[in-house]
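**Q** turn this into a model:
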Amino acid sequence: MADTKTDPGREGTRLIAALEKCWTQIQKHHPDLPPVLFITGTGIPRRQTEKPRKSTDAPKRRHYVTRGHHWADRWAVAEEEQRLAELFVAGETVRDGGEEVLKTLLHEAAHALAHVRKITDVSRGDPRWHRKEFAQLARETGLEPPRKSEKPLGFSNCTLTDKTRKKYAAVIRQIDGAALPGLGGDDQEGTEEEDPTAPETPGSTNGKRVKVTCGCQPDPRAFPVTPKVLAEGPIICGLCGEPFTLPADEDQDDAADAGPDAEPEPDSPAVEPAAALPQPRPAEADEPGDSPMHMGR
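**A** Purely as a prediction, here's the structure:
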């Protein structure tokens, strides 16, 4: 039998095994975490790996790397009549070493806990926007979320605490010592970074959005919209015939910063980094317990 440490054909097996072992260690500290099915690939959308056409008038594109995502109930295990969540870890994350892998897995563990506990931790209007509820779960897994929400991902950008580094020191060493394969090449190849000082379009509201609801009862329909669009004229609901209006302020923080820089959730069929898999449906249009896909980080 070939040694998985020396046989190039078994590198994928070794990579997934290492991620599974890391998840098992996290489950020991958080027993309510469910089992997951790991996949990996690039975290860069294909359209960003292809060189854009040179044009002086073409807008510059922001470069995003998805470090990981959690998609509840994605995989069916027929023999046991159960479903497993998909947990994606990008090759770019693996390449960056043990701490980055651990941070990503703890981040996705927070999403998994949200699904188990039926907590809405991302905005329904923009699944990339991480709510305050996510920040609380992230602290529970051992991460430190930002003090204030950040565009375009909310409370997503968490860091490892010193206490968490000590708790998982053996896991970090094992991942670093395993010399796992990581995606090569330059992440920035063929992409352009958006100029942060570029002037705004005249009349722009800088991406600010507000949540509007209709008159449907008992469950009004809702979605985020820019104040400019709302001011142009009434938006009529096709079910109740009432215009969409601004509700109470309690949920406005979800939509306020879902700016134009936030990438939309992928359409079907191909999950962000896994070219061979069907892409997720718009996840947060469902209720929290309806197998949402959390875009992760």
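**Q** for the stretch 151-297 of the chain, which spans come out with low pLDDT?
**A** By pLDDT under 70, the low-scoring segments of the stretch 151-297 of the chain are 184-207, 247-297.
**Q** now with 80?
**A** 181-208, 227-233, 247-297 (pLDDT under 80).
**Q** how about the helices in the stretch 101-250 of the chain?
**A** With helices called from DSSP state H, counting those that start in this stretch, the stretch 101-250 of the chain shows them at 132-141, 162-167, 169-177, 227-232.
**Q** got a markdown table for those, with mean neighbour count and distance to Gly125 too?
**A** C-beta: built from backbone N, CA, C; applies to glycine. Formatted as a markdown table, those follow (neighbours: other CB atoms under 10 Å; distance: least, CB to CB, whole Å):
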| stretch | mean neighbour count | distance to Gly125 |
| --- | --- | --- |
| helix 132-141 | 19 | 15 |
| helix 162-167 | 13 | 31 |
| helix 169-177 | 15 | 36 |
| helix 227-232 | 12 | 13 |
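**Q** in a markdown table, list the ones you listed along with distance to Val65.
**A** As requested, the helices of the stretch 101-250 of the chain are arranged in a markdown table below (distance: least, CB to CB, whole Å):
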| stretch | distance to Val65 |
| --- | --- |
| helix 132-141 | 19 |
| helix 162-167 | 22 |
| helix 169-177 | 19 |
| helix 227-232 | 31 |
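**Q** closest one to Gly91 among those helices?
**A** Gly91 lies closest to helix 169-177 among the helices of the stretch 101-250 of the chain, at 13.6 Å (CB to CB).
**Q** against His115, how distant is Trp71?
**A** Counting by CB to CB, to the nearest Å, the gap from Trp71 to His115 is 10 Å.
**Q** neighbour count winner among those two?
**A** Shown here are Trp71 and His115; by other CB atoms under 10 Å, Trp71 has more neighbours (27 against 21).
**Q** ok, the helix or strand that one falls within: who's next to it in the sheet?
**A** Per DSSP states H and E, Trp71 falls inside strand 68-77. Sheet pairing of strand 68-77 (DSSP bridges) gives strand 82-90 (antiparallel), strand 293-294 (antiparallel).
**Q** buried sites along the longest one?
**A** I take that to be strand 82-90. Leu84, Ala85, Glu86, Leu87, Phe88, Val89, Ala90 (16 or more other CB atoms under 10 Å).
**Q** residues making contact with whatever helix or strand comes next after that strand?
**A** Using DSSP H and E, the helix or strand that follows strand 82-90 in sequence is helix 91-95. Outside helix 91-95, the residues within contact range by CB atoms under 8 Å, 6 or more residues apart in numbering are 15, 40-44, 65, 67-68, 100-101, 104, 180-184, 187.
**Q** list only buried entries from those residues.
**A** For the contacts of helix 91-95, a burial check counting by 16+ other CB under 10 Å picks out 15, 40-44, 65, 67-68, 100-101, 104, 180, 182-183, 187.
**Q** closest one of those to Pro227?
**A** Using CB to CB, the buried ones among the contacts of helix 91-95 come closest to Pro227 at Val65, 31.4 Å.
**Q** from Pro45, how far out is that closest one?
**A** The value you get for Val65 to Pro45, if CB to CB is used, is 9 Å.
**Q** follow-up on the earlier one: and which of the buried ones among the contacts of helix 91-95 is nearest to Asp162?
**A** Asp162 has its nearest neighbour among the buried ones among the contacts of helix 91-95 in Glu100, at 16.3 Å by CB to CB.
**Q** per-residue pLDDT of that closest one, please?
**A** In this model, Glu100 is scored at 94, pLDDT.
**Q** ok, the nearest residue to it once chain neighbours are set aside to His70 distance?
**A** Closest residue to Glu100 in three dimensions, ignoring its sequence neighbours and counting by CB to CB, 6 or more residues apart in numbering: Thr93, at 5.3 Å. Between Thr93 and His70 the distance is 14 Å, computed by CB to CB.
**Q** what is the neighbour count of Gly215?
**A** Neighbour number of Gly215 under other CB under 10 Å is 14.
**Q** so what's it up against?
**A** Cys237, Cys240, Gly241, Glu242.
**Q** who are the contact partners of the second one?
**A** The neighbourhood of Cys240, defined by CB under 8 Å, 6+ apart, consists of Cys214, Gly215, Cys216, Gln217.
**Q** what of the last one?
**A** Contacts here follow CB under 8 Å, 6+ apart; on that basis Glu242 touches Cys214, Gly215, Cys216, Ile236.
**Q** likewise Glu140?
**A** The neighbours of Glu140, taking CB under 8 Å, 6+ apart as the test, are His30, Ala110, Leu113.
**Q** quick one, which of the helices of the stretch 101-250 of the chain is nearest to Lys21?
**A** helix 169-177 (7.3 Å).
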